[in-house]
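**Q** Provide a 3D model corresponding to the input given below.
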Amino acid sequence: MHQWGEEKTQTVECMMAADSDPESEVFEITDFTTASEWERFISRVEETLNDWKLIGSSVGRAQEKGEYTSGTWEEKTQEINFADFRFTITHHHLKQEVQENAGKEEPEEDAIPQAMQDLLCMDNDFPPRAHCLVRWYGMREFVIISPGTNCEAIISESKCNLLFSSISIALANTGCQVPVFVQIQQKWRRMYAGECQGPGVRTDFEMVHLRKVPGQYRHLSGLLDIFKSKIGCPLTPQPPVNIAIRFTYVLQDWQQYSWPQQPPDFDALLGGEVGGVEFGKLPFGACEDPISELHLATTWPHLTEGIVVDNDVYSDLDPLQAPHWSVRVRKADNPQCLLGDFLTEFFRVCCRKESTEEILGRNAVEEEGKENADISQALSKLTEPSAVPIPKLSVSNMVHSARKRIRRHRRPEESPLNNDVLNSVLQYLFPDAAEGGAGRAAPLTPNGGVDKDSEDYNLFSQLKSAPADSLTFRLALCLCMVNFYHGGVRGMAHLWQEFVLEMRYRWENSHMVHGLASGVPDLRCCLLHQKLQMLNCCIERKRARDDGRKASSTEAARERKTSRCDEGQQGTEGVGLSQGKSWDSWSDSEDEFFECLSDTEELKEAGPDGERGGGTKPEGRLHPHGEMSLLRSQEPLYIPITQEPAPMTEDLLEEQSEVLAKLGTSAEGAHLRARMQSACLLSDMESFKAANPGCILEDFVRWYSPRDYVEEEVLDEHGEAVVRGDLSARMKIPGNMWVEAWETAKPIPVRRQRRLFDDTKEAEKVLHYLAVQNPADLSRHLLPCALHAAILKLKEEEAAEDIPSVRRATQQLLVNASKLLRHPSPDYKKMEDIINQVVEVETVIARARSLKAKFGIDAGENVGDMEELKRFASALLEEPEVSVVGAGRGPAGTIIHQLFTNAQKAALSAPMDDDLGRVGRPEDGRPGGSSVPDFPPPAGKEILLRTCVPRPAPYSKELPQRLFCVLMRDDFRLAGAFSSDTSFF
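**A** Next up is the predicted model:
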């Protein structure tokens, strides 16, 4: 007490001195009651284990054979810090179904942890697909603490010991029985050290990793010695050691088999029939063998010490005698696939920015400009009065003269496509021209005839491409092939120029474009296909008008009595009419050309018709409408010949929608919008008035919209029931558009009306749209068609191989592509992912064919063996590792043995032949082939040693001990799990 008092007095004096002298030294006082960074780290580890509910004992159900491979592994990850150093803590566990009575059975108090029990389990040795710790220690649940991303590796011994101490304290504090590992050294070495604690027991997980295998540990005998010395069993005799051995042999040289896939020779296709279906066949397959290696694992799963001998002098481990064989194949990394390259090259054109002028050069464009000048002159001369006969000034003549000048000025070496290729492609695209005339040839089907009712035929609606038998589809294939084999993007531009010229020629000469469905543009297809369909509609209506003109001129010649102007107004509308088709009835005099008249001239022409149509002579009748008659007379009510609605493509519909939307929501805008949308209604009203003189609006509504004419029974002045009708309520609304249109409409027959659909104008729009497309635009338009063709090709090839995984992948590919391409504005950058999926499916099919050829499937005689080989080859594609039925004595094992034998003979005889050739004795061979081993030295050895012994004393509890050994050419690893009893130690 006295001493303590003196020390206290001295301390007070020092403090007083410090207060009196501000410059004197101030002592730092450390508060040891606050937690250190090390203690905080341990606390964070304990909190994480608590959050993941890994506290206490958890004994699961027994393992099932193969469960580690077929089961589902789950991971949970969290980041923790040790001071400013970041760690990642990850929980790995096998997802298992909880048994109903699992919770009712309480584990025994002295039961060892589940991880220790898994060390001795033999049902899941050597799993082909699992975490390395699962393979080395056979555990179904564990935790790993590893340095975070971009953090340096834990190499120093002091840091490792600090982490090991942290783990031990955390496990002891929480009572967690799940093993916890720490990753040390560089990550590529996969070095782990850990610990598992249970009631009175502990397992230490240790590891040794070397680049070279020590000589004394190359065989089983040396590994047994190190295992026994490590466990230090005090019992005599020592318990037996259970042994599992796996040797892996690698086959890289396929001597008796060469990869047969050759790139297709596009030039050879030109030697066959012109326009043959070879143009519609896409290339397919890998240019190199997609199977690079075959790994054979020979396993002895249950051996005991003393039964097998394996040392430097002799070994009983003959692979042919192994009871279990399993095979895995190593796939080539990104093999070159023809179909994938085909699509990729076409897709790359989408990203190009060059115009056609930059691609083909100015000379070709200058000639193209002259050609356009000729065409414009032709159009101007067609619309101007002249004494020169019109046939000599037709657009077709101008186009063909321009085409001749282009070919005359372009030297053969400057042309991206030679004439043979170009002519063959054009005749494939336009088979009707090859047949000698337009309109007679049936469209070809590039894919060998797809049934129109089948699911494959309707793929175009999902992908927004074009039907598989259409011109657009064939055009996409030809452009892809020209881009891939002939001239690249310059060849595409050249072919497209010729295609556009052909379209213009067909329009000017009224030749239908074959390979397109009749009718209005199909909005389910791509825009380019819709444009071509629109051109076909224009040609069809032009032909109908020309046919009507010819018939009208013949009739007018017989009725001509006065001047040519009067004759032009006396044409009869009944000549050349087709039932139900209004535009087939279009007729006018020989010298009338309505599409070239101005709006004023058309109104002047329509005026007299309107006056005459209001008289007693009806015009433009189709047929009576049943038994109906006009309300104000007893004349039958006739259905008039009307104009068909104007066909529209999706871009025109969008443009129209934008115009209507810009009118706003005001009353004036709504009124103007209704007038714009009632052009077809006004035309029908004028036709109806011309066909039914003296009609009223109620007559028109009875035919056009029967629901808006309400009939009901009423009593007349005589008391008799009569049926009277009236317009519906909506028709009586003030300012109704129908009433206004009826008052405005004049009795003008359809042949004298302004056309709702100006085919000449729309055709020129389409031809201009086609002419301004550059190769990048074409690629974006036709990429869905190319992808459509690729999917059909995948389905065709898969049907020949019958691979379930390919079938599923193709279906998923179709779903993904449909989502992308059906979008109003698809992101073509994502198309690369779709093409990669095509490549993956193509690669799998190529692998299947490679295995089929290697194992001689379809070439054997035994049906049972062939079925087994098919199942085996199919399983190699689906599973990471496949067991060989019958090991080395089964049908697959026999073929594998022969493959290794042939490879060994070739590998060992080739160097000797070279040596003999150098010394001038090529006739001397190596005596006998029996000295050549059937198998090469194993590329890898895996030896698993297990036993259960008391440690550290003879009276300790018997606990599992395990050592997993990996011996490779440049890798030697020992992964040991050594358990000890801690009750009295």
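
**Q** how's the chain carved up into domains?
**A** Segmentation of the chain into domains, based on the TED database, reads 37-96+112-233+951-981, 621-701+731-748.

**Q** Just give me the longest strand of this structure.
**A** Ranked by residue count, the top strand of the chain under DSSP state E comes out as strand 291-304.

**Q** partner strands of that strand, parallel or antiparallel?
**A** Strand pairing for strand 291-304, determined by DSSP bridges: strand 242-251 (antiparallel), strand 324-331 (antiparallel).

**Q** and the closest residue to residue 249 other than its chain neighbours, how far is that from residue 322?
**A** With sequence-adjacent residues excluded and distances taken as CB to CB, 6 or more residues apart in numbering, residue 249 is closest to residue 296, at 4.6 Å. Placement of C-beta: from N, CA and C, glycine included. Applying CB to CB, to the nearest Å, the value for residue 296 to residue 322 is 10 Å.

**Q** Those two: who's more crowded?
**A** Counted by other CB atoms under 10 Å, residue 296 and residue 322 do not tie: residue 296 has more neighbours, with 25 against 21.

**Q** can you pull the contacts of the more buried one?
**A** 248, 249, 250, 251, 319, 325, 326, 327, 896, 900 (CB atoms under 8 Å, 6 or more residues apart in numbering).

**Q** could those be laid out in CSV, adding neighbour count, distance to residue 723 and pLDDT?
**A** Formatted as CSV, those follow (neighbours: other CB atoms under 10 Å; distance: CB to CB, whole Å; pLDDT from 0 to 100):
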residue, neighbour count, distance to residue 723, pLDDT
248, 19, 95, 95
249, 19, 97, 94
250, 14, 95, 93
251, 23, 93, 90
319, 21, 100, 92
325, 24, 92, 94
326, 21, 89, 94
327, 19, 88, 93
896, 23, 91, 91
900, 20, 97, 90
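
**Q** As TSV, the residues you listed with distance to residue 481 would be great.
**A** Formatted as TSV, the contacts of residue 296 follow (distance: CB to CB, whole Å):
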residue	distance to residue 481
248	45
249	44
250	40
251	38
319	49
325	46
326	44
327	39
896	41
900	42
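
**Q** Can you lay out the domains of the chain as a markdown table showing distance to residue 789, mean neighbour count and mean pLDDT?
**A** Below are these laid out as a markdown table (distance: least, CB to CB, whole Å; neighbours: other CB atoms under 10 Å; pLDDT from 0 to 100):
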| stretch | distance to residue 789 | mean neighbour count | mean pLDDT |
| --- | --- | --- | --- |
| domain 37-96+112-233+951-981 | 36 | 17 | 91 |
| domain 621-701+731-748 | 22 | 17 | 80 |
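
**Q** Save those as a markdown table, and put in distance to residue 940 too.
**A** Shown next, in a markdown table, are the domains of the chain (distance: least, CB to CB, whole Å):
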| stretch | distance to residue 940 |
| --- | --- |
| domain 37-96+112-233+951-981 | 5 |
| domain 621-701+731-748 | 61 |
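
**Q** out of these, which comes closest to residue 536?
**A** Residue 536 lies closest to domain 621-701+731-748 among the domains of the chain, at 9.7 Å (CB to CB).

**Q** ranges for the strands of the stretch 101-250 of the chain?
**A** In the stretch 101-250 of the chain, the strands defined using DSSP state E, counting those that start in this stretch lie at 141-147, 180-184, 191-198, 201-210, 242-251.

**Q** Relative to residue 953, which of these is closest?
**A** In terms of CB to CB, the element of the strands of the stretch 101-250 of the chain nearest to residue 953 is strand 201-210, at 13.5 Å.

**Q** Please compute how far the closest one lies from its chain's middle.
**A** 46 Å (CA atoms, centre = their mean, to the nearest Å).
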